[in-house]
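J.: generate coordinates for the sequence data below:
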Amino acid sequence: MLSRIADAIFLTTEKASKRPAQPTSSFHDTNMADATSAQQPKLYIYDFCPFSCRARVALGLKKVKYDVVFMAFDDEATPKSLVGVKAAPIFEPVGEKPFTESWDVVSYVDNHYGDGPIIKPASGRADLAKWIETAMPSLNTLYNPRLYAAPLPEFTLRASREFFQSKREASMPLSEALAKSPELVKEVNKLLIELESLLHSNHSVNAELSYDDLDLFGRLRALTLVKGIEWPAKVREFMEYFSTQGDVPLFDNVVKM
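T.: Numbers count the residues shown, from 1 in each chain. Presented below is the predicted three-dimensional model:
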């Protein structure tokens, strides 16, 4: 059933999507060579990955032109050849050795591009940490079947989607996760109301731009795949702000489940 849903979403989204190409990055798979590779840094990612999202937002905020490489989800050879393990994101600065770990990438980007660092350290706020701890099990249960079905570049080949399915179903079958949607959507809508009160503004979690912003945006981005989500105004504006400033699109043009 999920496979049929995935095929239907691919076809519908191809017709529905009107978002222009992102201006600061070029996009290709791991089998393609590109002349820009020697001229600008590379970021190897999965589109669904919240850790990859952190790195993308940092690069967008610092206005860095970079080459994006979407790795197939079942491709282990590429990341292992770069950093020795299957991981994302992987950042390869021009003329330097590639490395992984999302916050290391964020720190490097913030300190090596632009006119100096602009992203403050994480606040360590207990209330925010508690909200994340409470929300993530429900969010991940909502995300997994929808990410599997979504037309993401890392799942271009069916084998990659099936590999994702096998990994995620170690904890719960995707069909079972999808069946839990009605109750989980209600729960998450309540949690989003709580989250709104934790945001300093519609542009930041705290008084200044910080790692907390990149972390929260990455965690919530896939929620734009979920049908029935009621976004509080401040939370939705926060998501749109970092989507624009970080040059990372939301999934608004993908058919929602």
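
J.: list the buried residues of the lengthiest helix in the chain.
T.: Ranked by residue count and defined by DSSP state H, the top helix of the chain is helix 126-149. Across helix 126-149, burial judged by 16 or more other C-beta atoms under 10 Å covers 128, 131, 135, 138-149. Backbone N, C-alpha and C define where each C-beta goes, glycine included.

J.: same thing with stretch 165-184?
T.: Q165, R168, E169, L174, A177, L178, S181, L184.

J.: end to end on it, go ahead and measure it.
T.: Distance across stretch 165-184, first residue to last, is 20 Å (C-alpha to C-alpha, to the nearest Å).

J.: quick one: contacts of it?
T.: For stretch 165-184, contacts defined as C-beta atoms under 8 Å, 6 or more residues apart in numbering pick out M1, L2, S138, T141, L142, N144, P145, Y148, V226, K227, G228, M257.

J.: run the chain-centre distance for that stretch.
T.: 19 Å (C-alpha atoms, centre = their mean, to the nearest Å).

J.: what's the mean pLDDT across that stretch?
T.: Average pLDDT, stretch 165-184: 96.

J.: what does stretch 207-221 give?
T.: 99.

J.: next, give phi and psi for E101.
T.: Dihedral pair for E101: phi 80, psi 110, per degrees, to the nearest 10.

J.: can you pull the contacts of it?
T.: Applying C-beta under 8 Å, 6+ apart, the residues near E101 are A87.

J.: D110 versus that one, what's the distance?
T.: Separation of E101 from D110 (C-beta to C-beta, to the nearest Å): 14 Å.

J.: not counting residues beside it along the chain, what's closest to R56?
T.: What sits nearest to R56 in space, not counting adjacent residues and going by C-beta to C-beta, 6 or more residues apart in numbering, is V248, at 4.8 Å.

J.: ranges for the strands of the protein?
T.: 25-29, 42-45, 66-70, 90-92, 99-100 (DSSP state E).

J.: show me what contacts the residue lying closest to G228 once chain neighbours are set aside?
T.: Nearest non-adjacent residue to G228, counting by C-beta to C-beta, 6+ apart: V185, 4.5 Å away. Residues near V185 by C-beta under 8 Å, 6+ apart: L142, V226, K227, G228, I229.

J.: let's go with 10 Å and repeat that
T.: Residues in contact with V185 (C-beta atoms under 10 Å, 6 or more residues apart in numbering) are S138, L142, L223, V226, K227, G228, I229, E230.

J.: brilliant, that's me finished.
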